[in-house]
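> Got a predicted model here, sequence first, then my questions.
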Amino acid sequence: MNRNLLLKLGAIAVLIVLLMVPILMIDGMVGERQALRDGVLEDIARSSSYSQKITGPLLVVPYRKTLREWKTHAKSGRRYIEESEQRGRLYFLPERFALRGAVGTERRARGIYQARLYHSANQISGHFELPAQFGIREELADYRFEQPFIAVGISDIRGIKNDLKLQLGGQSLAFQPGSAEPLLGAGVHAPLPTLDIQQPQRLAFAFDLLLQGTGQLDVTPVGRDSLVELTADWPHPSFVGEYLPSAREVTAKGFSASWQTSFFATNLEEALGDCVGAGECHAFENRHFGVGFVDPVDQYLKSERALKYALLFIALTFAGFFLFEVLKRLAVHPVQYALVGMALALFYLLLLSLAEHLAFARAYALAATACVALIGFYVSHVLHSWLRGGGFSLGLGALYAMLYALLSAEDYALLMGSLLVFGLLAAVMLLTRRLDWYGLGKSATGKPGVPH
């Protein structure tokens, strides 16, 4: 292999490195546009409502307890009883909790960006099992119970779209703003009438909740036995949280999913006790599940993934150029390599800009077609043959098709990419198996003659 050939390979390597500069600049632009999009979506959610999380209902019984402590007078030495008052709350989780929700989605646009809002019509029902004397077996006379209430935590109360009424044992009670319970944060609460604490009671409850949110809907399974059923018109759900649906069906028109849990699975009663007693609320706050209404085609994520294959694309295209050069004894100048490389880099800029206005598949097809047509036209003149240019274009088009397949198959991207590289290496080895690399740079007269 002569010196001229080594210089040509070195020039090609330098060009590949230099072409990574515009590729990195486009990659930075993808991040900037993605951050701008996220900021707009945040603004839309701020002006409507954020993701929603429903926690409750919980039955809360505030109380005051008289504490008596024997003390000794410092001067007289006489013993006396000092009384003080302690405030606290008793918490009761539902024995049975059921939520059935029907969710409809809509798009809200601001400029070229769109956010997905949902409207969830929820029917919440169940019952509480209250023990006699609220389960207090000792010193009952020292307790003075205040008005109990049922509290429901709703993470963004701006999304409540109906006048909430609690149906409790045949009575209709109005909910009031605020959960009145710091453990739940924002929400609503309904004061209850005086309860007979002498006998065990079953309190059946039901209420309808129309809720608007963006992005995600979460539910905390507060019941000893909890059932949550959701149906929606969104065909691309992302099930999130600590529990997956026990049954689900996803079609082109939407999805339906149901969750069935119990205290054996959630350990929510103990988590609530730790939150109330020790202030360790992490477990209680994270015992939830739900669904995210996500767009399956994130043009910025796919553009970013496509950029990861830019180096491979440029190297393979230059390798094809070089094979034509050595096998057909053609002269391809480094400037011509550079122009083709810039066209390959321009593909990613076209893809990013088109994907902001069109479906990603259509944007990819238009950007790839434009680049293949431009490079094919140029290469036909460089290689002095429309047939060679057409063959080169077909190969480049096949590479773009393979790249799209890699972008679409997330789970198999590594396998497909490995097979692609292995197949291309095998093709190069097959085409050059009889090539005399030592004599490559010599002309028919034996003098150095590799064109450059």
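Thanks, I have the structure now.
> Wait, a strand at Glu82?
Yes - counting by DSSP: H, G, I helix; E, B strand; the rest coil, Glu82 is part of a strand.
> Hmm, it is touching His73, no?
No - counting by Cβ atoms under 8 Å, Glu82 sits too far from His73 to count as a contact (10.5 Å). (Glycine included, C-beta is placed from N, CA and C.)
> and the closest residue in space to Leu184 that isn't next to it in sequence, what does it touch?
Residue nearest to Leu184 in three dimensions, not counting chain neighbours: Gly153, with 3.2 Å by Cβ to Cβ, 6 or more residues apart in numbering. Under the criterion of Cβ atoms under 8 Å, 6 or more residues apart in numbering, the neighbours of Gly153 are Lys53, Ile54, Thr55, Gly56, Ser179, Glu181, Leu183, Leu184, Gly185, Ala186, Gly187, Thr220.
> now the longest helix along the chain: mean pLDDT?
Longest helix in the chain, counting residues (DSSP state H): helix 3-47. Averaging pLDDT along helix 3-47 yields 85.
> other SSEs contacting whichever helix or strand comes after that helix?
Downstream of helix 3-47, the first helix or strand assigned by DSSP states H and E is strand 52-72. Using 3 or more Cβ pairs under 8 Å, 6 or more residues apart in numbering; DSSP states H and E, the elements in contact with strand 52-72 are strand 79-92, strand 113-130, strand 143-145, strand 149-154, strand 187-191, strand 201-214, strand 216-220.
> Low-confidence regions, this protein specifically.
When residues are selected by pLDDT under 70, those of the chain lie in 1-5, 296-297, 328, 409-413, 435-452.
> before we move on, which element is the residue located most distally from the centre of it in?
What lies farthest from the middle of the chain is Ser76; by Cα atoms, centre = their mean that is 70.9 Å. For Ser76, there is no helix or strand it lies in under DSSP H and E.
> okay, now the domains of this structure?
Following automatic domain parsing, one finds the domains of the chain at 3-38+299-431, 52-293.
> would you list these in TSV and tack on distance to Ala45?
Below are the domains of the chain laid out as TSV (distance: least, Cβ to Cβ, whole Å):
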stretch	distance to Ala45
domain 3-38+299-431	10
domain 52-293	4
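> Which one of those lies nearest to Ile44?
domain 52-293 (4.1 Å; Cβ to Cβ).
> Now do the same for Leu351: helix, strand or coil?
Leu351 - assigned by three-state DSSP - is helix.
> Please apply the same query to the one 10 residues further on.
For Ala361, the assignment made with three-state DSSP gives helix.
> ok, and what's touching the strand or helix carrying Thr369?
Element membership for Thr369, per DSSP H and E: helix 360-382. Residues outside helix 360-382 that contact it (Cβ under 8 Å, 6+ apart) are 297, 299, 302, 317, 321, 332, 336, 339-340, 343-344, 346-347, 350-351, 354-355, 357-358, 386, 388-390, 392-393, 396-397, 400, 404, 407.
> related to what we said a few turns ago, filter the contacts of Gly153 to the buried ones?
In these, burial by neighbour count holds for Lys53, Ile54, Thr55, Gly56, Ser179, Glu181, Leu183, Leu184, Gly187, Thr220, counting by 16 or more other Cβ atoms under 10 Å.
> now the third one, which residues is it bridged with?
Pointing back at Thr55 there. Bridge pairing for Thr55 (DSSP bridges) gives the partners Gly153, Thr220.
> neighbours around Leu425, how many?
As a burial measure, Leu425 scores 11 neighbours (other Cβ atoms under 10 Å).
> Show the contacting residues for Ser51.
Contact analysis of Ser51 by Cβ under 8 Å, 6+ apart lists Ala45, Ser155, Asp156, Gly213, Thr214, Gly215, Gln216, Leu217, Asp218.
> My read is that the second one contacts Ala186, right?
Okay, so that is Ser155. Yes - contact criterion Cβ under 8 Å: Ser155 and Ala186 qualify, at 6.3 Å.
> Neighbours of Gln86, how many?
11.
> do Met429 as well
Each residue near Met429 was counted by other Cβ under 10 Å, and the total is 9.
> ok, back up a step: would you mind writing the ChimeraX command to select the buried ones in the contacts of helix 360-382?
Remark: buried members of the contacts of helix 360-382, expressed as a ChimeraX selection using 16+ other Cβ under 10 Å:
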select :299,302,317,321,332,336,340,343,344,346,347,350,351,354,355,388,389,392,393,396,397,400,404,407
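> Out of the contacts of helix 360-382, which sit inside helices?
299, 302, 317, 321, 336, 339-340, 343-344, 346-347, 350-351, 354-355, 386, 388-390, 392-393, 396-397, 400, 404, 407.
> Could you list which residues are in contact with Leu403?
By Cβ under 8 Å, 6+ apart, the contact set of Leu403 is Ala306, Tyr309, Phe313.
> Mind listing residues that contact stretch 322-340?
By Cβ under 8 Å, 6+ apart, stretch 322-340 touches 8-9, 11-12, 15, 18-19, 317-318, 321, 375, 378-379, 382-384, 388, 392, 428, 431-432, 435, 440, 451-452.
> thinking again about what came up before, from the contacts of Ser51, which two are the most distant?
Once Cβ to Cβ is applied, the contacts of Ser51 give Ala45 and Asp218 as the farthest pair, at 15.0 Å.
> For stretch 327-339, give the distance from the opening residue to the closing one.
The first residue of stretch 327-339 is 22 Å away from its last residue (Cα to Cα, to the nearest Å).
> mind checking how far it is from the chain centre?
The chain centre lies 46 Å from the centre of stretch 327-339; the measure is Cα atoms, centre = their mean, to the nearest Å.
> Check stretch 161-174 too.
Centroid separation for stretch 161-174 versus its chain: 35 Å, with Cα atoms, centre = their mean.
> That one: end-to-end distance?
The stretch stretch 161-174 measures 15 Å between its terminal residues, going by Cα to Cα.
> List the buried residues for it?
Buried residues in stretch 161-174 (16+ other Cβ under 10 Å): Leu164, Leu166, Leu168, Leu173.
> From the rest of the structure, what touches it?
Contact with stretch 161-174 is made by 119, 150, 175, 188, 190-193, 203-212, as judged by Cβ under 8 Å, 6+ apart.
> okay but Asp274 is in contact with Ala283, surely?
Yes - Asp274 lies in contact with Ala283 (Cβ under 8 Å); the separation is 6.4 Å.
> ok so, going back, quick check: the farthest pair among the buried residues of stretch 161-174?
Counting by Cβ to Cβ, the most remote pair of those is Leu164 and Leu168, 12.5 Å apart.
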